[in-house]
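S.K.: Have a look at this prediction, sequence included:
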Amino acid sequence: MGGVLPKQAIDTLPNIYLVGPMGAGKTTVGRHLAEILGRDFVDSDHEIEAKTGASIPWIFEKEGEIGFRQREQHVLSELTQLGNLVLATGGGAITQPENRHVLRSTGIVIYLFAPVEIQLQRTYRDKNRPLLQVDYPEKRLQALLEIRDPLYKEVAHHIVDTHNGAARDLAYQILSKILETPRI
């Protein structure tokens, strides 16, 4: 795609939410998509850290996953009320039914899919991912994908495979899918 985009079509788009596993490219692709659209970009994990003044690993350590998910739900509820937004969610945001509902009902949800091998390549050095601080991160990623893949698919309006292609090209691919889909 590329070039001049129909401004009127872009101006009428609702918020765009990116869901998918760790390492799928939600933040990287999301930044490009927001730039192309002239929209604000927000990463929900970064927003949680900014609001709490604490890192995600610290929140997991002190409050557990349940405490983190409660904070995440609150932040997503606030962010989805904003307009003109491209939002990258945390990989587990879709595990909460309330989050799936608010995302699906207030914007266009794009599931960025990446196979486990690609997720592992993109995340293996990242110590800021509490769920991967285990002896066998590949097995953890596989288990998470088995549980979460049906939930990503349930909430998604579109699915984009991110294991091939540059982030900017993927952003244009997402935009193309969105603009080609009739909306009510």
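M.R.: That came through, no problem.
S.K.: Quick check: nearest residue in space to Ile118, chain neighbours excluded?
M.R.: Counting by C-beta to C-beta, 6 or more residues apart in numbering, the nearest residue to Ile118 once its immediate chain neighbours are dropped is His163, at 4.3 Å. All C-beta spots, glycine's among them, are computed from the backbone N, C-alpha and C.
S.K.: Next, the contact list for that neighbour, please.
M.R.: Contacts for His163 (C-beta atoms under 8 Å, 6 or more residues apart in numbering) come out as Phe113, Ala114, Pro115, Ile118.
S.K.: Run through the helices of this structure in chain order.
M.R.: For the chain, helices defined by DSSP state H occupy the ranges 7-11, 26-37, 44-52, 56-79, 97-106, 116-123, 137-155, 167-180.
S.K.: In a markdown table: these, plus mean neighbour count.
M.R.: Supplementary listing: those in a markdown table, determined by neighbours: other C-beta atoms under 10 Å:
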| stretch | mean neighbour count |
| --- | --- |
| helix 7-11 | 11 |
| helix 26-37 | 21 |
| helix 44-52 | 17 |
| helix 56-79 | 16 |
| helix 97-106 | 17 |
| helix 116-123 | 18 |
| helix 137-155 | 16 |
| helix 167-180 | 18 |
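S.K.: wait, what's in contact with Arg71?
M.R.: Residues in contact with Arg71 (C-beta under 8 Å, 6+ apart) are Ile48, Lys51, Thr52, Ile59, Glu63.
S.K.: Then Ile36?
M.R.: Remark: with contacts taken as C-beta under 8 Å, 6+ apart, Ile36 is in contact with Leu5, Arg168, Ala171, Tyr172, Leu175.
S.K.: helices and strands of the chain: which one bottoms out on pLDDT?
M.R.: Least confident helix or strand of the chain, by mean pLDDT, DSSP states H and E, is helix 7-11 with a mean of 69.
S.K.: what's the spacing between Ala156 and His101?
M.R.: In this structure, Ala156 and His101 are separated by 14 Å, where distance is defined by C-beta to C-beta, to the nearest Å.
S.K.: what about the longest strand in the protein?
M.R.: When the chain is parsed with DSSP state E, its longest strand is strand 107-113.
S.K.: can you tell me the average pLDDT over it?
M.R.: Here the mean pLDDT over strand 107-113 is 96, rounded to a whole number.
S.K.: For it, enumerate the helices and strands it packs against.
M.R.: Under the contact criterion of 3 or more C-beta pairs under 8 Å, 6 or more residues apart in numbering; DSSP states H and E, strand 107-113 touches strand 15-19, helix 137-155, strand 158-161, helix 167-180.
S.K.: What strands flank that strand, and is each parallel or antiparallel?
M.R.: strand 15-19 (parallel), strand 158-161 (parallel) (DSSP bridges).
S.K.: Tell me the buried residues in the shortest one?
M.R.: So that's strand 158-161. Counting neighbours by 16 or more other C-beta atoms under 10 Å, one finds that the buried residues in strand 158-161 are His158, Val160.
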